[in-house]
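Enquirer: I would like the atomic coordinates for the input below:
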Amino acid sequence: MKTAMKKSTIVLIAVGAVLAILLIWGIASYNGLVNAEVAVETAESDLDVYLQRRSDLIPNLVNTVKGYAAYEEEVYTDLAEARAKLAGSTTAEDKFEANEELSSAISRLLVVVENYPELKANTQFTALMDELSGTENRIATARKDYNSAVQEFNTKQRRFPTSIISGIFGFEKAPLYEASEGAETVPSVDFN
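Expert: The predicted structure follows:
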């Protein structure tokens, strides 16, 4: 009888140890996924800060250009609409799309600027362009940081056996920030 109790005690201890190991693994996996998801959210928030900064610089830039190129109303309208779309974006995909529209509108504004050499000499315009250029660099870095966090999060949740915990708790794949269509094409520059 004592031998049977010893065997059942050993079995219970072994089962308890296996359950404890599984529980600890499950908690560690869940916490790792949460940490990776928070890193994605933080990177997205950092990117939003720079996109907002760029969006805030646009009205000053437009007002400076308007003084020299009053008849370029379509460009100003496109910029205003793209800014409004970016401000109203709620999902990452919407923000990415709105950001591409704003980038395109800024590019069209810069084409207009090329036609006004006296504008390029304006100190206020030059200072705004420097700020915009710095912001664009920060946006590029923030995009890279965001994509790195997304890659780590998406990889972590797809790896077995963590994918089991990911599925149980409903973690969803985060979207990567991708280049817009045609970004691989080198723009042509014409100084004539």
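
Enquirer: alpha carbons only for contacts and neighbour counts from here, please
Expert: Noted.

Enquirer: what sits against the closest residue to residue 99 other than its chain neighbours?
Expert: Once flanking residues are discounted, residue 99 sits nearest to residue 86: 6.3 Å by CA to CA, 6 or more residues apart in numbering. With contact taken as CA atoms under 8 Å, 6 or more residues apart in numbering, residue 86 is in contact with 94, 95, 98, 99, 102.

Enquirer: which among the residues you listed end up buried?
Expert: Neighbour counting by 16 or more other CA atoms under 10 Å classes 95, 98, 99, 102 among the contacts of residue 86 as buried.

Enquirer: returning to what we had before: just the element for the residue nearest to residue 99, please.
Expert: Here residue 86, judged by DSSP states H and E, is contained in helix 73-88.

Enquirer: one more: residue 47?
Expert: According to DSSP H and E, residue 47 maps onto helix 2-66.

Enquirer: lowest average confidence, helix or strand, in this protein?
Expert: One helix or strand of the chain scores below all others by mean pLDDT, DSSP states H and E: helix 117-120, with a mean of 74.

Enquirer: any residues touching it, and which ones?
Expert: Here helix 117-120 makes contact (CA under 8 Å, 6+ apart) with 65, 68, 113, 114, 125, 126.

Enquirer: max pairwise distance over those: which two?
Expert: For the contacts of helix 117-120, the maximum inter-member distance is 13.9 Å, found between 68 and 126 (CA to CA).

Enquirer: so who does residue 72 touch?
Expert: By CA under 8 Å, 6+ apart, the contact list for residue 72 reads 66, 112.

Enquirer: okay, it: pLDDT?
Expert: Looking at residue 72, its pLDDT is 70.

Enquirer: which element, helix or strand, includes residue 95?
Expert: With DSSP H and E as the test, residue 95 turns up in helix 92-114.

Enquirer: which residues are contacting that helix?
Expert: Identification of contacts with helix 92-114 by CA under 8 Å, 6+ apart yields 44, 51, 65, 69, 72, 75-76, 78-79, 82-83, 85-86, 89, 119-120, 175, 177, 180.

Enquirer: and those, which are buried?
Expert: Among those, those classed as buried by neighbour count (16+ other CA under 10 Å) are 44, 51, 65, 69, 75-76, 78-79, 82-83, 85-86, 119, 175, 177.

Enquirer: and the residues you listed, which is the shakiest by pLDDT?
Expert: Lowest model confidence among the buried ones among the contacts of helix 92-114 falls on residue 69, which carries 68.
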